[in-house]
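Asker: next input, structure requested:
(chains A and B)
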Amino acid sequence: MTKPSIFLPKQAQIINVRQNSESEKHFTLRFADGKKIHFEPGQILEVSLFGFGEIPIGIASSPTRQHSFDIVVRGIGRVSKAINKLNKGDSLYIRGPYGNGFKLDKIRNHPVLIVAGGLGVCPTRSLIQYILDRRSEFKHFTLFYGACHPSQQLFRDDLSDWRKNNDIELLEIVDRPDCDWQGYVGVITDLFDKTQVDKDTRVIVCGPPIMFKFVIQKLDQLGIAHENIFVDLERRMKCAIGKCGHCQINHKYVCTDGPVFSVKDLEDLPEAF
Amino acid sequence: MGFYCISSKNFPAFIDELIHQQSVIAPQLVQSKPYNPSSSEFFSFSLLKKASNLRLDYDTTILPPKKVFFPPQQVLLSFKNGEFQAVLDLYETILFGVHPYDLLAIEQTDFLFSDKYEDIHYTAQRQLTTIIGSNIQRSAEHSFFSSMNANVKPSTHDGFITKIADTYIYEVLTGKAGNLLKYGQFTDASQQQIDLAVKENERVKSKSHLNYSADEIKQGLEKSYADLELWEQLAKSCYACGSCNTSCPTCYCFNIEDKWHIDQISGERTRYWDSCMTEDFAKISLGPGKSGEAQTENFRPTTGARMRHRLMRKMVYLNDKLGTQACVGCGRCATSCTADIADPVNIINTVMEKYHD
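Answerer: Residues are numbered from 1 along each chain as shown, chains lettered A, B, ... in the order given. From the prediction side, this is the model:
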């Protein structure tokens, strides 16, 4: 008997939908068969809606919170716009998890800095929750979060919790403030001047491709070794099983070799960013 | 297992009996090529209806035989009203008359579709296929297979047929190929005939040649990587049509898309051959910009960057994984290229002139 198709997804029920910002929706999901999903923070899913298609999305919740799992979808294409019309009780179809995650074994017992720009806060939220849930396994924990505009900040409820939480040092910045904005204004790299970053820190960077170069320049100035900086790369992964070729950067596939790479690993991958 | 022979006179009856027993996919003449005086014919692997249509004297085919297991479009799943299932449209078939370079390519795609995650949409059809190779009776215009994979002998096929004078020597490598013996008037081949068949296969040479070894090419291309200007020059008149990918026996990139049926409640998730030479292949969306305009990032935005990627993929990136180069020297990319720039022999020899130590 042949094996099942690797392209067969599992049905998941939407148990909660939140409008995260104007174009982003935050879905909380549970598999229809009641089974739990086993994953590492940083891994990706192929999320689909039949008749529209499949898109790769990082898991936005921690495996320490097993009752459900979260994704955030920005409605910009055919599939994502169709998904964002769904309501509580509707179904999504999930393959995965795929890829390698945030290398927990390399960041445990070290100070951790997460640099999240824009939608980059979604996959990193998985790690943020993980660290907060297992706080004693990590040293000082800092989160830099940059958004274009205060209205584009995601996870508002989380942010208001994190601002009050002594387990996490949160620094927020926006490009363009509104009149209520109390935080920093500028680009995300400005935040490096607002706090101390220990040389032993393990850094996770996730955001638009343009951000990587500038953040890594700052980290170089701080003397943080490239093997201790991890970036979460985004590509148009159509299969997520290392075959379709869309996510290939030089000889690596982002879906199976990544999406998380150390900057050291990327030194011989000039197509990375 | 072993070597058998069948006379040219009895060969058509054998083929007709195979057709009677199973579907047979084999090289056939599809069209004359009047605009290309150097080669007057087009061949294709397609369903064989009668032995007289079989053309084992073909030079090469327009598309490689990978289409039998990895068709240009293939339904993966079907869906209706929230129900969905995998689709496997399987059939037993004999793929007959495959040249050695294509056998090597099939061996590569066999591995790549099974590596880490087994893709049954490929492997299930592959298992139902009996592959009979055949000797190259004449080499295609742009072929350079003699320069490729010199130390690799194909081993994925079931049997191999070699024409020597008025006799066909049939080498049986698996039980699947052995099962076909009963359909023809075969006798045991003599040692002399076997030796002649070996010599016949050794005799055939491609029309084009690379001037460098696999290792030299790997090193040279790696060195040329930073010289994007050279690659842009080589790809200057590329239309980004993707014909080189489409006609390549070792290209296996694909796209997946959903389509509704006309009833609007059912449909299919289908994969299509895709091409890394096309402009959008490595493009992602970054969402709307400040004034709402679509922002994108293209990781290989130019034809030069894409041609470099294609050549690196064939000659460098997969070498460790496959134990050989991911190009078999069939020359189809050169033949199919609308701008007449894709010939790997020209590209590699040009790059190597500059980057060979």
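
Asker: hang on, B:Thr130 packs against B:Gly178?
Answerer: No - here B:Thr130 does not reach B:Gly178: they are 10.3 Å apart, not a contact under Cβ atoms under 8 Å. Quick note: C-beta positions are derived from backbone N, CA and C, even for glycine.

Asker: please identify which of these two sits among more neighbours.
Answerer: Comparing B:Thr130 with B:Gly178 by other Cβ atoms under 10 Å in any protein chain shown, the one with more neighbours is B:Thr130, at 21 against 16.

Asker: and the host helix or strand of the more buried one, how far from the chain's centre?
Answerer: Taking DSSP states H and E as the definition, B:Thr130 sits inside strand B:129-134. Relative to its chain's centre, strand B:129-134 lies at 14 Å (Cα atoms, centre = their mean, to the nearest Å).

Asker: sheet partners, orientation included, of that strand?
Answerer: Each strand that pairs with strand B:129-134, with its direction, by DSSP bridges: strand B:93-98 (parallel), strand B:159-164 (parallel).

Asker: closest to A:Arg134 out of those?
Answerer: strand B:93-98 (54.8 Å; Cβ to Cβ).

Asker: now the element after that closest one, going C-ward?
Answerer: From strand B:93-98, the next helix or strand downstream (DSSP H and E) is helix B:100-114.

Asker: which strands or helices does that following helix pack on?
Answerer: Judged by 3 or more Cβ pairs under 8 Å, 6 or more residues apart in numbering or on different chains; DSSP states H and E, the packing partners of helix B:100-114 are helix B:120-127, strand B:129-134, helix B:319-322.

Asker: again, only this time at 10 Å
Answerer: Judged by 3 or more Cβ pairs under 10 Å, 6 or more residues apart in numbering or on different chains; DSSP states H and E, the packing partners of helix B:100-114 are strand B:93-98, helix B:120-127, strand B:129-134, helix B:319-322.

Asker: would you map the helices across chain A?
Answerer: Along chain A, counting by DSSP state H, helices occupy A:78-83, A:104-107, A:121-133, A:156-164, A:209-221, A:254-257.

Asker: quick revisit: export the strands paired with strand B:129-134 to JSON lines and tack on mean pLDDT and mean neighbour count?
Answerer: As requested, the strands paired with strand B:129-134 are arranged in JSON lines below (pLDDT from 0 to 100; neighbours: other Cβ atoms under 10 Å in any protein chain shown):
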{"stretch": "strand B:93-98", "mean pLDDT": "98", "mean neighbour count": "24"}
{"stretch": "strand B:159-164", "mean pLDDT": "96", "mean neighbour count": "22"}
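
Asker: make JSON lines out of these and add distance to A:Ile210.
Answerer: Output for the strands paired with strand B:129-134, formatted as JSON lines (distance: least, Cβ to Cβ, whole Å):
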{"stretch": "strand B:93-98", "distance to A:Ile210": "48"}
{"stretch": "strand B:159-164", "distance to A:Ile210": "55"}
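
Asker: nearest to B:Asn201, out of the ones you listed?
Answerer: B:Asn201 sits nearest to strand B:159-164 of all those, at 6.1 Å, using Cβ to Cβ.

Asker: export that closest one to PDB, keeping only CA atoms.
Answerer: Extracted in PDB, the C-alpha atoms of strand B:159-164 (Å, rounded to 0.1, in the frame of the first residue of the first chain):
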ATOM      1  CA  GLY B 159      16.400  -3.400 -19.100                       C
ATOM      2  CA  PHE B 160      18.400  -2.100 -22.000                       C
ATOM      3  CA  ILE B 161      18.200  -2.700 -25.600                       C
ATOM      4  CA  THR B 162      21.100  -2.300 -28.100                       C
ATOM      5  CA  LYS B 163      20.900  -2.500 -31.800                       C
ATOM      6  CA  ILE B 164      23.900  -4.300 -33.500                       C
END
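
Asker: what's the angle from it to helix B:100-114?
Answerer: Per axes from the mean of the first three to the mean of the last three Cα atoms, to 10 degrees, the angle that strand B:159-164 makes with helix B:100-114 is 170 degrees.

Asker: pull the distance from strand B:159-164 to the chain's centre.
Answerer: Relative to the centre of its chain, strand B:159-164 is centred 20 Å away, using Cα atoms, centre = their mean.

Asker: any idea which helix or strand comes after that strand?
Answerer: Sequence-wise, the next helix or strand downstream of strand B:159-164 (DSSP H and E) is strand B:167-172.

Asker: buried stuff in that following strand?
Answerer: By neighbour count on 16 or more other Cβ atoms under 10 Å in any protein chain shown, the buried set for strand B:167-172 is B:Thr167, B:Tyr168, B:Ile169, B:Tyr170, B:Glu171, B:Val172.

Asker: strands paired with that strand, and their directions?
Answerer: Note on strand B:167-172: by DSSP bridges, its sheet partners are strand B:2-7 (antiparallel), strand B:159-164 (antiparallel).

Asker: hey, which strand is longest across chain A?
Answerer: Under DSSP state E, the strand in chain A containing the largest number of residues is strand A:10-19.

Asker: what mean pLDDT does that strand get?
Answerer: The pLDDT scores in strand A:10-19 average 96.

Asker: from what I can see A:Val112 touches A:Lys139, true?
Answerer: Yes - using Cβ atoms under 10 Å, A:Val112 is in contact with A:Lys139, at 7.2 Å.

Asker: quickly list what's touching both of these two.
Answerer: By Cβ atoms under 10 Å, 6 or more residues apart in numbering or on different chains, A:Val112 and A:Lys139 have these common neighbours: A:Thr201, A:Arg202.

Asker: care to break the chain down by domain?
Answerer: With no chain named, the answer covers chain A. Domains of chain A are assigned by automatic domain parsing as A:10-98, A:104-232.

Asker: hmm, I had chain B in mind actually
Answerer: As assigned by automatic domain parsing, chain B contains the domains B:2-203, B:214-355.

Asker: pLDDT weak spots in chain A?
Answerer: Residues of chain A meeting the criterion pLDDT under 70: A:1-2.

Asker: need the pLDDT of the residue of the stretch 251-357 of chain B found nearest chain A.
Answerer: Of all residues in the stretch 251-357 of chain B, B:Cys253 sits closest to chain A, at 3.3 Å by Cβ to the nearest Cβ. pLDDT, B:Cys253: 97.

Asker: near chain B, which residues of the stretch 101-250 of chain A?
Answerer: Contact residues (Cβ under 10 Å from any Cβ of the partner chain) of the stretch 101-250 of chain A with chain B: A:118-119, A:148-149, A:152, A:175-176, A:208-210, A:233-250.

Asker: select only the buried ones of those residues in ChimeraX?
Answerer: Of these, the buried ones can be selected in ChimeraX as follows, counting by 16+ other Cβ under 10 Å:
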select /A:118,119,152,208,233,234,235,236,237,238,239,240,241,242,243,244,245,246,247,248,249,250
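
Asker: can you tell me which of the residues of the stretch 101-250 of chain A next to chain B end up in strands?
Answerer: Of these, the ones assigned to strands by DSSP E are A:Gln248, A:Ile249.

Asker: which neighbours do B:Thr130 and B:Gly178 have in common?
Answerer: B:Asp158, B:Gly159.

Asker: related to what we said a few turns ago, can you say which of the strands paired with strand B:167-172 is nearest to A:Asp190?
Answerer: Evaluated over the strands paired with strand B:167-172, closeness to A:Asp190 peaks at strand B:159-164, with 67.7 Å, by Cβ to Cβ.

Asker: thinking again about what came up before, report the contact partners of the residue of the stretch 251-357 of chain B closest to chain A.
Answerer: By Cβ under 10 Å, 6+ apart, B:Cys253 lies in contact with A:238-239, A:243-246, A:248, B:242, B:245, B:272-276, B:281, B:313.

Asker: and A:Tyr184, by the same measure?
Answerer: Shown in contact with A:Tyr184 (Cβ under 10 Å, 6+ apart): A:Phe144, A:Gly146, A:Leu171, A:Glu172, A:Ile173, A:Val174, A:Pro177, A:Asp190, A:Leu191, A:Asp193, A:Lys194.
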